[in-house]
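J.: Make a model of this:
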Amino acid sequence: MLPTLFTLFGESVPAYFVMLMTGFGLATWLGVRWAKRLGLDHEVVIDLGLYSLIAGVAGGRLLHVFADGFFWDYVHLCTDPSQVIWHVDHARCEQIEGVWDASITACRPAGRDCFAWAAFWSGGLAYYGGLIGATAFGLYFLRKHRFPMWKGADMAGMVIPIGLFFGRMGCFLGGCCFGMPTDGFLGISFPAWSPASESQARDHLISHASHVSLPVYPTQLFEAFGCLSLAAVLMFAVHPRKQFDGQVFCAFLVLYALLRFVIEFLRADDRGALFGLSTSQLISAAVIAVVALVYNRLAAAKPTSPQEQV
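T.: Presented below is the predicted three-dimensional model:
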């Protein structure tokens, strides 16, 4: 776990942010390279990447607020901060400018904050919210600029998993999105006051969050390398054999949904649940159902032009 990679002008730069920007930059570069090879307007791809990043962050933040189990904390931060409790130590409480409550040995907010829900830089982004936001905007943007919409979607389907690889590596360095405790050889322990140790302390699996966590499944790494494998399959197996525009993007959505559905069974962080399934599992099921309909419509349309390469 390495939540801060370095400092810049006296400010800590989170590892997650660095990895996210690295993935975004590489994905955009690959998209530009693809557009140039096809003789398409690569500047549209650059703009698409920038605006989709903004839409994705907004969507990811909104889904986190409403579906990850912290909705009422954000409400109480604005209406009644006394109902919010942060389970951190005294030193960490001072760092986040909270008020130490010795009676419960925990930290409380120093005052009201009605805009905490929007502070995405403090952590808290749900991937599916980002995907929905970026996809909706991206399709609109491509159509508006008269760019071959489903060709552009296929490009996105190949490069998004690469961005996800770096994003999940950032999650691993930051300690979020951790898995369930395990005695197996794959188990990894996170340091004291990590999200894993804080969660295990609340669940009485360890005596206090100041202790190193029990070994957990490194679900961040499972998903990271799973996404890297998806990128390879989509680029070198699905894309060269695609029969119509949009097929690669549909394949990406379904394969990622299946990957995420399985990995969710191993995760232990707070992320919302309904009917015994996590929010992401429910969304994965919905994505597969919607993609099945879109796939059939695209398959019935005119076949794609000669094969492109990334």
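
J.: Torsion angles phi and psi at the residue positioned nearest the centre of the chain?
T.: In the chain, the residue lying closest to the centroid (CA atoms, centre = their mean) is Y127, at 3.2 Å. Backbone torsions of Y127, given as degrees, to the nearest 10, read phi -60, psi -50.

J.: Show me the strands in the chain, by range?
T.: For the chain, the strands defined by DSSP state E occupy 4-8, 11-14, 99-101, 106-108, 273-274, 277-278.

J.: what stretches of the stretch 151-300 of the chain score poorly on pLDDT?
T.: Applying pLDDT under 70 to the stretch 151-300 of the chain flags no residue at all.

J.: hang on, D269 packs against P195?
T.: Yes. At 6.4 Å, D269 counts as touching P195 under the criterion of CB atoms under 8 Å. The way it works is simple: take the backbone N, C-alpha and C, and place the C-beta from them, glycine included.

J.: Need the overlap of contacts for the two.
T.: Counting by CB atoms under 8 Å, 6 or more residues apart in numbering, the shared contacts of D269 and P195 are 176, 178.

J.: rewinding a little: out of the strands of the chain, nearest to A209?
T.: strand 106-108 (10.0 Å; CB to CB).

J.: Name the residues that touch that closest one?
T.: Under the criterion CB under 8 Å, 6+ apart, residues 81-82, 84-88, 90, 92-93, 96, 98-101 lie in contact with strand 106-108.

J.: which one of these has the most neighbours?
T.: The most crowded member of these, judged by other CB atoms under 10 Å, is G98 (21 neighbours).

J.: I'd like the distance between that one and F172.
T.: 27 Å (CB to CB, to the nearest Å).

J.: Just give the nearest non-adjacent residue to L259, would you?
T.: Of all residues not flanking L259 in the chain, G226 sits nearest, at 4.8 Å (CB to CB, 6 or more residues apart in numbering).

J.: tell me the residue furthest from the middle of this protein?
T.: Outermost in the chain, CA atoms, centre = their mean: S103 at 36.5 Å.

J.: quick one, phi psi at it?
T.: phi -70, psi -30.

J.: Would you mind giving me the confidence score for it?
T.: Looking at S103, its pLDDT reads 83.

J.: same deal with the one 3 residues further on?
T.: As summarised for this prediction, A106 has a pLDDT of 82.

J.: Is it bridged to anything, and to what?
T.: D101 (DSSP bridges).

J.: Would you tell me which of the strands of the chain gets closest to A201?
T.: Going by CB to CB, the one of these nearest A201 is strand 106-108, 10.9 Å.

J.: What are the boundaries of the helices in the chain?
T.: Using DSSP state H, the helices of the chain run over 15-38, 42-67, 71-79, 90-95, 127-144, 149-174, 195-202, 219-233, 247-264, 279-299.

J.: Quick one: closest of those helices to P109.
T.: Smallest distance to P109 across these (CB to CB): 6.0 Å, for helix 71-79.

J.: Hey, what's the angle from the closest one to helix 42-67? Just curious.
T.: Between helix 71-79 and helix 42-67, the angle comes out at 90 degrees (axes from the mean of the first three to the mean of the last three CA atoms, to 10 degrees).

J.: could I have helix 71-79 exported to CSV, CA atoms only?
T.: Output of helix 71-79 as CSV, limited to C-alpha atoms (Å, rounded to 0.1, in the frame of the first residue of the first chain):
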residue,chain,number,x,y,z
PHE,A,71,-25.5,8.4,1.3
TRP,A,72,-26.7,9.3,4.8
ASP,A,73,-23.2,10.3,5.9
TYR,A,74,-23.1,12.9,3.1
VAL,A,75,-26.6,14.0,4.1
HIS,A,76,-25.7,14.2,7.8
LEU,A,77,-22.5,16.1,7.0
CYS,A,78,-24.8,18.9,5.8
THR,A,79,-27.7,18.6,8.2
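
J.: Surely V254 is in contact with V294?
T.: No. In this structure, V254 is not within contact of V294 by CB under 8 Å, at 10.5 Å.
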